[in-house]
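Enquirer: for reference, the sequence and a predicted model appear below.
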Number of protein chains: 2
Amino acid sequence: MTPSTNPNKERIEKLIASRKKHRKSLTVSYLVDAISNGNTQALSETITLLESTNFKDYNKAQEVIKQLIPKTGQSIRIGITGVPGVGKSTFIESFGTYLINQGKRVAVLAIDPSSEKSSGSILGDKTRMSTLSANPNAYIRPSATGGSLGGVARKTRESILLCEAAGFNVVLIETVGVGQSEIAVHSMTDFFLLLMLAGAGDELQGIKRGIMEMADTILISKADGENVKKANIARLEYKNALHLFPPNDNNWIPKVETLSSYDNHGIEKCWRIITEFEKQTKSNGFFMLNRNQQQKYWMNETLKERILNDFFKNDTFKQLISQTEKDLVNGKLTSFQAAEYIYNQFKVKQQNDI
Amino acid sequence: MTPSTNPNKERIEKLIASRKKHRKSLTVSYLVDAISNGNTQALSETITLLESTNFKDYNKAQEVIKQLIPKTGQSIRIGITGVPGVGKSTFIESFGTYLINQGKRVAVLAIDPSSEKSSGSILGDKTRMSTLSANPNAYIRPSATGGSLGGVARKTRESILLCEAAGFNVVLIETVGVGQSEIAVHSMTDFFLLLMLAGAGDELQGIKRGIMEMADTILISKADGENVKKANIARLEYKNALHLFPPNDNNWIPKVETLSSYDNHGIEKCWRIITEFEKQTKSNGFFMLNRNQQQKYWMNETLKERILNDFFKNDTFKQLISQTEKDLVNGKLTSFQAAEYIYNQFKVKQQNDI
């Protein structure tokens, strides 16, 4: 290795090396105990291990999680989505601070498969939530990066468990309104919150079809100053629209409220709605049913992904698929004949490998 | 074999045996020629072969389809859904007759995985469309029965191709408003039509969430007599509601119209909308793009189904999964640990089989 001529770079490299060494020295039983005692540094270390591509680190994190499972599950898990600019960070800042004043401990996670640590996108920059991040009863962790949505989702879902074991009783999971990541967040939360801007249809383009139907509550954001009237109209419009749509599986009729994180309007109301939702779905059994279904869902999804990856990530079959797609579009085969052909090649290969 | 004492039963058995013998005698080249000449009996015979569980019959049908591919694709494929009682059959009867009067040839297919031939459910009973079924320019075929939705969908999709090769230039595919089968129909049609009843929210319960968002047009049915006013109000409500939702991928703004199959009101309008849709999406390229994507979608779905079935339909793994699900719900493992465990067992088995 050539010596670095940049003293700053050298210092950072030393720091990273020392953190790595430190993490290696942490035992599973230390991490389990520390997290159980609410130690957020141990929590962060474990999430980092979880996100590591190093097999040993990853296995250590899995062992920690396994031992902590009995301490998980007691939080309310809230998904929050909306297009960039709708005011998610400001809302989380106000909402989180309100909850802490009510005696809660609040963890904030994110799913953003597109983010890179350096780009300062979603939650990448804690300064966007300066008040909350400085509060000892808050824990903010940016989205895991790299890998597939499936991978990022897995890490986030396991981070929820770790946060719960560390005593956080409200977990907020933020995402952006781009489709697949919403479905992932919806499948790991108890309550799904959609933030929308008041006004005409144009600014809604960012929300993908189907997202609105997953919402347990819609908040019309930035309902302050001159915007109040517009927000109230939007609220009624959405309320009427949602009324026409069939109810969620949980029999909950989605609420629509206005929100001003600036005026602190709607924050308390939002929490009242969530509390009511929790009470109702716990008494009718949906809450636990949903969590059990979510567990099975993630098990099945992960299993499918693993099995299909053995096939679809194989270079030979990638090539075969793209060739066959040409024959398909050119009308030489039907979809089913094409699938049959590829599948048979797959079977022949399996036989030959034996 | 003991001789049957029921002369009627004996007659039916003889008839079936003679039909089977007749079908066996039909060669691929005969069927290809006959279908190309618009022979609907040959069309029916080939669809029956396609639905056969006999491997030879099935292969013969596949060969027929393969040779006919160049003659397929020129129809407009229209999906029609709505809860039972909304008036789908009556609509198809009026709409189909209208189209034939405009010089079209109309084929009506169905996807109803729940149906059994004997139960007289969706399209099982041609008497529900007596005028249309008597018309030589119409072809009505009930849903394939038995097997998974995937299997029924495959047969229907291949039947579309056969109908096109036989010169039908409008293909209507009917289904009921129960969720998965809608997604299948949506994925094999160019235009998706949803029939709804006028009135308050209650009767909408049958339509699953997400179906409404797939519709290219909503028709408020039974807008006749005392119902007209209610239907007009519903039309405006849905129009406003859809306006709040983001546009489809095809950039088409869904239309909402009232319909009375009884008064023949809305039938012509519906066809005008579909023609406009076809023109618009053909000129902006979406029409062909969508068809190509649908081909790839069905190839991929079929392939995935085949690969996952090797795993999930295996009795050993079925047992392992249900055992592991118990450990999951009892908090002994996380979803990802459970998936990993099952996957590793799968790999070990693959090794052992070698």
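Expert: Noted; the coordinates are in hand.
Enquirer: run the chain-centre distance for whichever helix or strand A:A241 is part of.
Expert: Using DSSP states H and E, A:A241 maps to helix A:227-244. Distance of helix A:227-244 from the chain centroid (CA atoms, centre = their mean, to the nearest Å) equals 27 Å.
Enquirer: quick one: the helices in the stretch 1-150 of chain A?
Expert: A:7-25, A:28-36, A:40-51, A:55-68, A:88-101, A:130-134, A:149-165 (DSSP state H, counting those that start in this stretch).
Enquirer: so what pairs up with the residue nearest the centre of chain A in the strands?
Expert: Nearest to the mean C-alpha position of chain A, by CA atoms, centre = their mean, lies A:I111 at 3.6 Å. Counting by DSSP bridges, A:I111 forms beta bridges with A:T175.
Enquirer: contacting residues for it?
Expert: Counting by CB atoms under 8 Å, 6 or more residues apart in numbering or on different chains, A:I111 makes contact with A:S143, A:L149, A:V152, A:A153, A:T156, A:I173, A:E174, A:T175, A:S181, A:A184, A:V185. The way it works is simple: take the backbone N, C-alpha and C, and place the C-beta from them, glycine included.
Enquirer: kindly indicate which of those lies nearest chain B.
Expert: Within the contacts of A:I111, proximity to chain B (CB to the nearest CB) peaks at A:A153, which comes in at 9.9 Å.
Enquirer: do I have it right that that closest one meets A:H186?
Expert: No. Between A:A153 and A:H186 there is no contact under CB atoms under 8 Å: 10.9 Å.
Enquirer: which one of the two is surrounded by more residues?
Expert: More neighbours surround A:A153 than the other of A:A153 and A:H186, with 25 against 19 (other CB atoms under 10 Å in any protein chain shown).
Enquirer: before we move on, what SS does the residue lying closest to the more buried one once chain neighbours are set aside have?
Expert: Closest residue in space to A:A153, ignoring its immediate chain neighbours: A:A184 at 4.2 Å, by CB to CB, 6 or more residues apart in numbering or on different chains. The three-state assignment at A:A184 reads helix, by DSSP: H, G, I helix; E, B strand; the rest coil.
Enquirer: and A:A184, how many residues sit next to it?
Expert: Residue neighbour count, defined by other CB under 10 Å, stands at 24 for A:A184.
Enquirer: let me see the contact set for it.
Expert: Residues in contact with A:A184, defined by CB under 8 Å, 6+ apart, are A:I111, A:L149, A:V152, A:A153, A:T156, A:T175.
Enquirer: re earlier: what's the helix or strand following the helix holding A:A241 packed up against?
Expert: Next helix or strand after helix A:227-244 toward the C-terminus (DSSP H and E): strand A:255-258. Counting contacts by 3 or more CB pairs under 8 Å, 6 or more residues apart in numbering or on different chains; DSSP states H and E, strand A:255-258 packs against strand A:217-221, helix A:227-244, helix A:267-283.
Enquirer: could you rerun that using 10 Å?
Expert: Using 3 or more CB pairs under 10 Å, 6 or more residues apart in numbering or on different chains; DSSP states H and E, the elements in contact with strand A:255-258 are strand A:191-197, strand A:217-221, helix A:227-244, helix A:267-283.
Enquirer: on that earlier part again, and the contacts of A:I111, which two are furthest apart?
Expert: A:L149 and A:E174 (15.1 Å; CB to CB).
Enquirer: of these two, who's got more company?
Expert: A side-by-side neighbour count of A:L149 and A:E174, using other CB under 10 Å, places A:E174 first with 25 against 16.
Enquirer: which residue packs closest to that one, ignoring adjacent ones?
Expert: Per CB to CB, 6+ apart, closest to A:E174 is A:A110, 4.5 Å.
Enquirer: where is the longest helix in chain A?
Expert: Counting by DSSP state H, the longest helix found in chain A is helix A:286-312.
Enquirer: give the contact list for A:E45.
Expert: Going by CB atoms under 10 Å, 6 or more residues apart in numbering or on different chains, A:E45 touches A:R19, A:H22, A:R23, A:L26, A:Y30, A:L31, A:A34, A:I35, A:N39, A:K60, A:A61, A:V64.
Enquirer: rerun at 6 Å
Expert: A:R23 (CB atoms under 6 Å, 6 or more residues apart in numbering or on different chains).
Enquirer: so for it, what's the pLDDT?
Expert: Looking at A:E45, its pLDDT is 94.
Enquirer: now swap in the one 5 residues further on and tell me
Expert: Per-residue confidence (pLDDT) for A:L50: 91.
Enquirer: distance of the closest residue in space to it that isn't next to it in sequence from chain B?
Expert: Spatial nearest neighbour of A:L50, chain neighbours left out: A:A61 (4.0 Å); criterion: CB to CB, 6+ apart. Counting by CB to the nearest CB, to the nearest Å, the gap from A:A61 to chain B is 11 Å.
Enquirer: repeat for A:N135
Expert: Applying CB to the nearest CB to A:N135 and chain B gives a distance of 29 Å.
Enquirer: between the two ends of stretch A:215-224, how far is it?
Expert: 23 Å (CA to CA, to the nearest Å).
Enquirer: then stretch A:325-335?
Expert: End to end - CA to CA - stretch A:325-335 spans 9 Å.
Enquirer: how about it and chain B, touching?
Expert: Yes. Against chain B, stretch A:325-335 shows contacts by CB under 6 Å from any CB of the partner chain at A:E325, A:L328, A:V329, A:G331, A:T334, A:S335.
Enquirer: re the thing from before, and the helices and strands packed on strand A:255-258, which one is worst for confidence?
Expert: Taking the mean pLDDT of those, helix A:227-244 comes last: a mean of 85.
Enquirer: packing partners for that one?
Expert: Packing partners of helix A:227-244 (3 or more CB pairs under 6 Å, 6 or more residues apart in numbering or on different chains; DSSP states H and E): strand A:217-221, strand A:255-258, helix B:228-244.
Enquirer: contact partners for the residue of the stretch 101-250 of chain A found nearest chain B?
Expert: Here the residue of the stretch 101-250 of chain A nearest chain B is A:A241; by CB to the nearest CB that distance is 3.9 Å. Contacts for A:A241 were tallied using CB under 6 Å, 6+ apart; they are B:A241, B:L244.
Enquirer: related to what we said a few turns ago, touching chain B at all, the longest helix of chain A?
Expert: Yes. Shown here: helix A:286-312 in contact with chain B (CB under 6 Å from any CB) through A:N292, A:Q295, A:K296, A:W298, A:M299, A:T302, A:L303, A:R306, A:I307, A:F311.
Enquirer: can you list the low-confidence ranges for the stretch 51-200 of chain A?
Expert: Where the stretch 51-200 of chain A drops to pLDDT under 70, the residues are A:113-128, A:146-147, A:177-179, A:199-200.
Enquirer: which residue is the nearest non-sequential neighbour of the residue in it that chain B sits nearest to?
Expert: With CB to the nearest CB, the shortest gap between the stretch 51-200 of chain A and chain B falls at A:I69, namely 4.9 Å. Leaving aside its sequence neighbours, A:I69 sits nearest to B:G331 (CB to CB, 6+ apart; 4.9 Å).
Enquirer: spell out the secondary structure type for that neighbour.
Expert: Applying three-state DSSP: B:G331 is coil.
Enquirer: can you pull the residues of chain A lying near chain B?
Expert: Counting by CB under 6 Å from any CB, chain A sits next to chain B at A:65, A:69, A:154, A:204-205, A:207, A:209-210, A:213, A:241, A:244, A:246, A:292, A:295-296, A:298-299, A:302-303, A:306-307, A:311, A:325, A:328-329, A:331, A:334-336, A:338-339, A:342-343, A:354.
Enquirer: PyMOL command for the buried members of these?
Expert: Only the buried entries of the residues of chain A next to chain B go into this PyMOL selection, using 16 or more other CB atoms under 10 Å in any protein chain shown:
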select buried, chain A and resi 65+69+154+204+207+209+210+213+241+244+246+295+296+298+299+302+303+306+307+311+325+328+329+334+335+336+338+339+342+343
